[in-house]
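>>> Pasting the sequence and the predicted model now:
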Amino acid sequence: MKRILIQDTNGNLRKELKDFMVALTTQLRDRGMGDVTQVVTVADIGVYQKGLVAKIFPEGFVYTGLGLGHIAEIIEKTVMNGIKVDALAFDKKDKQMRIVLRNCGRIDAESFDDYLLCNGYQGLVKALEMGQEKVIEEMKKSGLRGRGGAGFPTWMKWNITRGVTGDIKYIICNGDEGDPGAYMDRSVLEGDPHSVIEGLMIGGFATGASNGIFYIRAEYPLAVERIQKAIDLCYSKGLLGKNILGSSFNFDIEIRLGAGAFVCGEETALIASIEGLRGYPRPRPPFPSVKGLWGRPTVINNVETLANIPYILLHGGESFGKIGIEGSTGTKVFALTGKVRNSGLVEVPMGITLREIVFDIGGGVLNNRGIKAIQTGGPSGGVIPEQFFDTPVGYESLQKLGSIMGSGGMIVLDENDCMIDISKFYLGFCVDESCGKCAPCRIGGTQMLAILTRISEGKGEADDLKQLNEISVAMQKASLCGLGQTAPNPVVSTMKYFADEYKAHIFDKKCPSGKCASLVSYSILKEKCTGCGMCARICPVSAISGSRADKYTIDKAKCISCGQCFDVCKFGAVVRE
Amino acid sequence: MVVETLTEDVKKVVERWKDKEGNLIMVLHDVQDRYGYVPREAALEVSRQLNAPLARIYEVMTFYNYFRLQAPGKVNISVCLGTACYLKGAPDLIAEIRHILNVEEGKTTKDGKFHLQIVRCLGCCGLAPVITVDHKVYSAVKRSDVVNIIAEYANKDIDK
């Protein structure tokens, strides 16, 4: 059976796509391949800005820029003979390795049988045979660490909870993916829900938990729907409930929804939220592993962590441990976005360099601009400048650079991005999301944001850098939970690597990237202006006037420095200072 | 807002969750799914039926961004302000929408038709910048596209 997946993400292609589908199915039928070829549209193949994209299984060829004229050749060569059409092929050097995303996009996420065909629930079968201790032993060998941010070894978490006696224990899947710029958890929950359920069941078995809970963002309705369907299917097949697969293992799963609070990604706040309270974190210890939901031992694992687990059980901890580098084994899914040519989810073995991810997989920077930095770890992470792009990706190596792996956001920043602006963006996010319980986070964040805003408006003072540093240290040391402790990271790392940019804002009152509106001014060079008038037409405040003969000028009193004239001028006549 | 079935509606929701511990957030989710927001009358009813103080209901509702205390517009525009969208020009899109509709973030236009909302991350950063109008997703939106997107809905008769 052949399967042709056609990407349908971009609304602009809708008509073209429809025509293509019709022509393709007609021609397949004409060639007698209609019954053995399945044509489906999928939301995401992972290649963008390349026109119509299709992927053909079982070969896995990706073709881009497709038109009606290509159909005959594709059917003739690939569908009938399994040969690649080189002229259409999208060959990125494949440095990716799919473990977490192994089934995403390849199986029907709502089909139980599809998952079974991909060795589904075989990891669970194996776990039940091995017994608790051996499962944890296997996890230890794998070296798997939490993929949600902190990177705590999974086996250790499980082992602590297993060692605690309690009538009821809980295992929670943390699907409250709130980091702006990361969306791997959504993709796994939507694309391969059973793998997460299987991981949760194995974790439940190993720790002695009989209750599993999915905590999922309410903003992800499709993920909630698919997980619910998958849970229902498991109950109907006897995979959930009492005496699973004839063993003495009992396990139930229910879903609880998040309600839009970033802080609930933090373990103790998440627990409070499931208990129906405001998402306030609480001091640790006691750790949730010992005293968590309803005061009972509770394990919390991230979606991506759980999706790894069936694979580890099936292929052995040792073989998983060989992937990656010491201390950081396995793969990591990154959401590669920002100013990168091919944005999307990439899954790479640990130890790959940042340069390989951004340039070899991501295809480099959008519009061939210069790259300034890579931001990892979202609002809790930092920026990494170009001189460190050859660092192998791992938990410790990123931390050493002042950033973190985090949940896997990876944002490419180009020369037009201002570091003060980025810091302001992330800090603003944390200030918004601070729960307000502890003073360092509540007050410190607000004060830092005020200073940054001042700097971006050209009102910065020499003392500001020192103050930012002091508040950062106080927040890192004294905040109650991870949110406040890591909130200053984007500021600290930009101050470390881009000190010149801060100084330019504070002392010269200039924004080198031209992003901070109050620090830039625009003018038009008479000798370059062709008098086309594009700038005058786009100006939202009618600050530009002139004619073809007289050329155009900007009335500085009216100008709001939005920069639209700069972007629209094809002749380089608009200059920014 | 007065809905005759309010007591019944809330009863059904509470019935569904009554055996679960810590059910308040799930109850509020169901109420919001039913009305599009949590009207004060419904909050009072939840308070009565769960036998919980009203302050406890509002404490939770005001903490979580997802719960709305005011009725949404007939057409809801959400602009994603996640990192990828921010870098790729979402602030320009917001400015354009504000300019065209004369509405502030988090507010509804005077005629009650459009509601403009800023969201933190829709989780499809590969398509940045993204706008959703009700449940339809617009990807890689340019400032100049905004007027056409709004026009699609402005002329439509959307009185449900």
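Sure, I can see it. Note that the structure is a prediction, hence the values are computed from the model and not measured.

>>> For chain B, list the residue farthest from the centre, please.
Computed with CA atoms, centre = their mean, the maximum C-alpha offset from the centroid of chain B is found at residue B:19, amounting to 28.3 Å.

>>> and the gap between that residue and chain A?
11 Å (CB to the nearest CB, to the nearest Å). All C-beta atoms are positioned from the backbone trio N, CA, C, and that covers glycine.

>>> Report pLDDT for that residue.
On the pLDDT scale, residue B:19 is placed at 90.

>>> So it belongs to a helix, correct?
No - assigned with DSSP: H, G, I helix; E, B strand; the rest coil, residue B:19 falls outside any helix and is coil.

>>> list the buried ones in stretch A:431-450?
Using 16 or more other CB atoms under 10 Å in any protein chain shown as the test for burial, stretch A:431-450 gives A:431, A:433-435, A:437-438, A:440-442, A:444-445, A:447-449.

>>> Would you reformat those as a markdown table and include pLDDT and secondary structure?
Below are the buried residues of stretch A:431-450 laid out as a markdown table (pLDDT from 0 to 100; DSSP: H, G, I helix; E, B strand; the rest coil):
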| residue | pLDDT | secondary structure |
| --- | --- | --- |
| A:431 | 96 | helix |
| A:433 | 94 | helix |
| A:434 | 96 | coil |
| A:435 | 95 | coil |
| A:437 | 95 | coil |
| A:438 | 96 | coil |
| A:440 | 97 | helix |
| A:441 | 97 | helix |
| A:442 | 97 | helix |
| A:444 | 97 | helix |
| A:445 | 97 | helix |
| A:447 | 97 | helix |
| A:448 | 98 | helix |
| A:449 | 97 | helix |
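
>>> Endpoints of stretch A:31-42, how far apart?
One end of stretch A:31-42 sits 24 Å from the other (CA to CA, to the nearest Å).

>>> Flag every buried residue along that stretch.
When neighbours are counted by 16+ other CB under 10 Å, the buried residues of stretch A:31-42 are found to be A:37, A:39, A:42.

>>> How about the secondary structure of the closest residue to the last one other than its chain neighbours?
For residue A:42, ignoring the flanking residues on the chain, the nearest one in space by CB to CB, 6 or more residues apart in numbering or on different chains is residue A:5 at 4.7 Å. Taken by three-state DSSP, the conformation at residue A:5 corresponds to strand.

>>> Report the contact partners of residue A:373.
By CB atoms under 8 Å, 6 or more residues apart in numbering or on different chains, the contact list for residue A:373 reads A:383, A:384, A:385, A:386, A:413, A:419, A:497, A:498.

>>> what's the single longest strand in chain A?
With secondary structure taken from DSSP state E, chain A has its longest strand at strand A:331-338.

>>> any idea of the mean pLDDT for the next helix or strand after it?
Sequence-wise, the next helix or strand downstream of strand A:331-338 (DSSP states H and E) is strand A:344-349. The pLDDT scores in strand A:344-349 average 94.

>>> what's in contact with strand A:344-349?
Contacts with strand A:344-349, where a contact means CB under 8 Å, 6+ apart, come from A:44, A:46-48, A:95-101, A:183-184, A:187, A:323-324, A:330-337, A:356-357, A:361-362, A:393, B:126.

>>> re earlier: nearest to residue A:527, of the buried residues of stretch A:431-450?
The closest of the buried residues of stretch A:431-450 to residue A:527 turns out to be residue A:449 (CB to CB; 42.7 Å).

>>> how close does the closest one sit to residue A:505?
Distance from residue A:449 to residue A:505, counting by CB to CB, to the nearest Å: 15 Å.

>>> One more: residue B:82?
Residue B:82 is 25 Å from residue A:505, by CB to CB.

>>> what's the answer for residue A:247, then?
Taking CB to CB as the measure, residue A:247 falls 64 Å from residue A:505.

>>> now do residue A:233
56 Å.

>>> excluding its backbone neighbours, what's nearest residue A:287?
Closest to residue A:287 by CB to CB, 6+ apart is residue A:160, at 7.5 Å.

>>> Then residue A:482?
What sits nearest to residue A:482 in space, not counting adjacent residues and going by CB to CB, 6+ apart, is residue A:266, at 5.3 Å.

>>> tell me the contacts of residue A:442?
Shown in contact with residue A:442 (CB under 8 Å, 6+ apart): A:434, A:436.

>>> again, only this time at 10 Å
Neighbour list for residue A:442: A:431, A:434, A:435, A:436, A:475, A:479, A:484 [criterion: CB atoms under 10 Å, 6 or more residues apart in numbering or on different chains].

>>> Count the residues that sit near residue B:73.
Neighbours of residue B:73 under the rule other CB atoms under 10 Å in any protein chain shown: 21.

>>> again with residue A:71
18.

>>> what does residue A:462 give?
The tally of other residues near residue A:462 (other CB under 10 Å) stands at 9.

>>> Surely it is in contact with residue A:455?
No - counting by CB atoms under 10 Å, residue A:462 stays clear of residue A:455, with 11.2 Å between them.

>>> Identify the contacts common to the two.
Taking CB under 10 Å, 6+ apart as the criterion, residue A:462 and residue A:455 both touch residue A:506.

>>> Could you list the domains of the chain?
In the absence of a named chain, this looks at chain A. If you go by automatic domain parsing, the domain ranges for chain A are A:2-81, A:112-321, A:325-414, A:419-506, A:521-576.

>>> I was after chain B.
Domain assignment for chain B by automatic domain parsing gives B:6-63, B:75-154.
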